[in-house]
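**Student:** pasting the sequence and the predicted coordinates here, then a few questions.
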Amino acid sequence: MGPFAVDPELQRKGLGARLLEYICNYVDHFGEAEYLETNKTTNVRFYERYGFSTMREESLFDVPNWFMWRDPRQTILK
């Protein structure tokens with residue numbers, strides 16, 4: 001997945017959740033896995049709610065990073 005973010009003023013309104021749900025459904029439709037990286041602890045919990053799991057955790061330039069993977073799920077594209 002390419003980088004995406006929600007403007008801080010618009011966070012906590014479900015926009016990121018809807019965007020990630022759409023992306024996951026789209027990728028699932030094609031039977032593909034997803035990979036992402038994050039350097040925020042709060043994002044790890046957020047991504048886990050959508051089926052991502054941490055493959056590896058590593059510090060890069062003294063910044064913790066989580067490398068996450070999600071296997072495809074069978075779903076109907078909305």
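**Tutor:** In hand now; what should we look at? Numbers count the residues shown, from 1 in each chain.

**Student:** going forward, measure contacts and count neighbours with C-alpha atoms only.
**Tutor:** Noted.

**Student:** can you give me the helices for the chain?
**Tutor:** Using DSSP state H, the helices of the chain run over residues 15-29, 41-48.

**Student:** what's the closest non-adjacent residue to the spatially most central residue of the chain?
**Tutor:** Geometric centre of the chain, nearest residue: Tyr47, 4.4 Å, by C-alpha atoms, centre = their mean. Counting by C-alpha to C-alpha, 6 or more residues apart in numbering, Tyr47 lies nearest to Ser53, which is 7.8 Å off, once chain neighbours are set aside.

**Student:** separation between Leu10 and Gly16?
**Tutor:** To Gly16, Leu10 is 9 Å away according to C-alpha to C-alpha, to the nearest Å.

**Student:** that older thread, and of the helices of the chain, who's closest to Pro72?
**Tutor:** helix 15-29 (5.0 Å; C-alpha to C-alpha).

**Student:** quick one, that closest one and helix 41-48 angle?
**Tutor:** Here the directions of helix 15-29 and helix 41-48 differ by 40 degrees (axes from the mean of the first three to the mean of the last three C-alpha atoms, to 10 degrees).

**Student:** got a list of what Glu58 touches?
**Tutor:** By C-alpha atoms under 8 Å, 6 or more residues apart in numbering, the residues touching Glu58 are 64-66.

**Student:** make a PyMOL selection of the buried ones in those residues.
**Tutor:** The following PyMOL line selects those of the contacts of Glu58 that are buried, judged by 16 or more other C-alpha atoms under 10 Å:
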select buried, resi 65+66
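
**Student:** my guess is Gly31 meets Arg73, correct?
**Tutor:** Yes. The criterion here is C-alpha atoms under 8 Å, and Gly31 meets it with Arg73 at 7.2 Å.

**Student:** quick revisit: in strands only, show me the contacts of Glu58.
**Tutor:** Counting by DSSP state E, those place 64-66 in strands.

**Student:** which one of Leu10 and Gly16 is surrounded by more residues?
**Tutor:** Using other C-alpha atoms under 10 Å as the criterion, Leu10 and Gly16 rank with Gly16 on top: 17 against 10.
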